[in-house]
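A.B. asks: Sharing a model prediction with you, sequence too.
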Amino acid sequence: MDVATVLLIEPERLMREGLKVLLRGSPFSVTHEAENLTAAEEILRSAAKIDLILAQVSSKNDEAIAGLAHLRTIAPDAKLVILTAVVDRELLNQAMDLKINGMLLKDISAEALIRSLHLALLGEGVFAIHGFLLRDLDPPRSLPSELTLPSSTLSLREASIVRCLTAGQSNKSIARELGLTEATVKAHVKVIMRKIKAQNRTQAAIWGLANGLDRREPARNGAAPRVAAAAAH
């Protein structure tokens, strides 16, 4: 993909610098940064071309959510993704009501952040609930009554395949590495996506990154990772 221009809204300079470092070398370039919504509005009104607005928001700052949504009326083509330390049901519902493109936890890995921003730029809604991603929530309040992760356990084989997905490997590549047929890998991928409720391979890869299943984090002592149940309150 072409390099996307990013307006970064974050009150702390150290955090802004850190995010710029994380995005360096990715398809996302922080071309503008602002400490607050007022400064961000000035930037957008200066006719700067912004593809994506990435903003840090306090979990209890309702006015900031509404203010961010207002920014997109100034730059209607820009996608808007929020970073927050805690996601609760009220904050999530408000973000979706205002048609914000995504809400991600601040402890997300760099790889998962970049993949999530890519999805948002494509117009998909990306919302993180305790490490799990929900997308295409339409209408905005179509959340189930209980936001939980599946309690089933991934097998060792499934965990290995998820690690391969986080590396962007094809079914053919995974089959060759694990000594399986492509048909077997395809069947495993379908089961994995059903278990974690991912709707495509990219989401499954992001889920794997968010849950520590990347190529750098092998399962310890041969134990299969368990998908922890976590309800949003």
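C.D. replies: Yep, that arrived. Numbering: from 1, shown residues only.
A.B. asks: For the most centrally placed residue in the chain, give me the pLDDT.
C.D. replies: The centre of the chain sits closest to S116, judged by CA atoms, centre = their mean, with a distance of 3.6 Å. The model reports S116 with a pLDDT of 86.
A.B. asks: That one - nearest residue in space that isn't next to it in sequence?
C.D. replies: For S116, ignoring the flanking residues on the chain, the nearest one in space by CB to CB, 6 or more residues apart in numbering is V126 at 4.7 Å. Quick note: C-beta positions are derived from backbone N, CA and C, even for glycine.
A.B. asks: again with L22
C.D. replies: Counting by CB to CB, 6+ apart, L22 lies nearest to A110, which is 4.6 Å off, once chain neighbours are set aside.
A.B. asks: so the one you found makes contact with K20?
C.D. replies: No. Assessed by CB atoms under 8 Å, A110 is found out of contact with K20, at 11.8 Å.
A.B. asks: And the residue nearest to the centre of the chain, how far from F127?
C.D. replies: S116 sits at a distance of 9 Å from F127 (criterion: CB to CB, to the nearest Å).
A.B. asks: Name the helix or strand for the residue nearest to the centre of the chain, please.
C.D. replies: When secondary structure is defined using DSSP states H and E, the element that contains S116 is helix 110-121.
A.B. asks: Any regions of this structure where pLDDT drops low?
C.D. replies: Judged by pLDDT under 70, the chain has its weakly predicted residues at 1, 58-62, 87-89, 128-153, 210, 214-233.
A.B. asks: Residue ranges of each domain in it, please.
C.D. replies: Described in terms of automatic domain parsing, the domain architecture of the chain consists of the residue ranges 4-134, 156-222.
A.B. asks: Ends of stretch 95-109, what's the gap?
C.D. replies: Between the opening and closing residues of stretch 95-109 we find a distance of 22 Å, counting by CA to CA, to the nearest Å.
A.B. asks: Following element in sequence after the longest helix seen in the chain, please.
C.D. replies: For the chain, the helix that runs over the most residues, judged by DSSP state H, is helix 182-196. Beyond helix 182-196 on the C-terminal side, the first helix or strand identified by DSSP H and E is helix 201-210.
A.B. asks: Which stretches in the protein count as strands?
C.D. replies: Under the criterion DSSP state E, strands of the chain are mapped to 4-9, 28-34, 52-56, 79-84, 102-105, 126-129, 132-134.
A.B. asks: would CSV of those with distance to N211 be doable?
C.D. replies: Converted to CSV, the strands of the chain look like this (distance: least, CB to CB, whole Å):
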stretch, distance to N211
strand 4-9, 26
strand 28-34, 23
strand 52-56, 22
strand 79-84, 19
strand 102-105, 12
strand 126-129, 11
strand 132-134, 8
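A.B. asks: Could you point out which of the ones you listed sits nearest L44?
C.D. replies: Each of these has some distance to L44 by CB to CB; the shortest is strand 4-9, at 7.1 Å.
A.B. asks: What lies in contact with that closest one?
C.D. replies: Contact partners of strand 4-9, identified using CB atoms under 8 Å, 6 or more residues apart in numbering, comprise 16, 19-20, 23, 27-37, 40, 43-44, 48-56, 68, 78, 117, 121.
A.B. asks: Mark which of those residues are buried, thanks.
C.D. replies: The neighbour-count test (16 or more other CB atoms under 10 Å) marks 16, 19-20, 23, 28-34, 37, 40, 43-44, 50-56, 68, 78, 117, 121 as buried among the contacts of strand 4-9.
A.B. asks: List the residues that contact V81.
C.D. replies: By CB under 8 Å, 6+ apart, the contact list for V81 reads 52-55, 100-104, 116-117, 120, 126.
A.B. asks: ok, of those, which one's closest to L92?
C.D. replies: For the contacts of V81, the residue nearest L92 by CB to CB is M103; the value is 6.3 Å.
A.B. asks: Kind regards, and thank you for your time.
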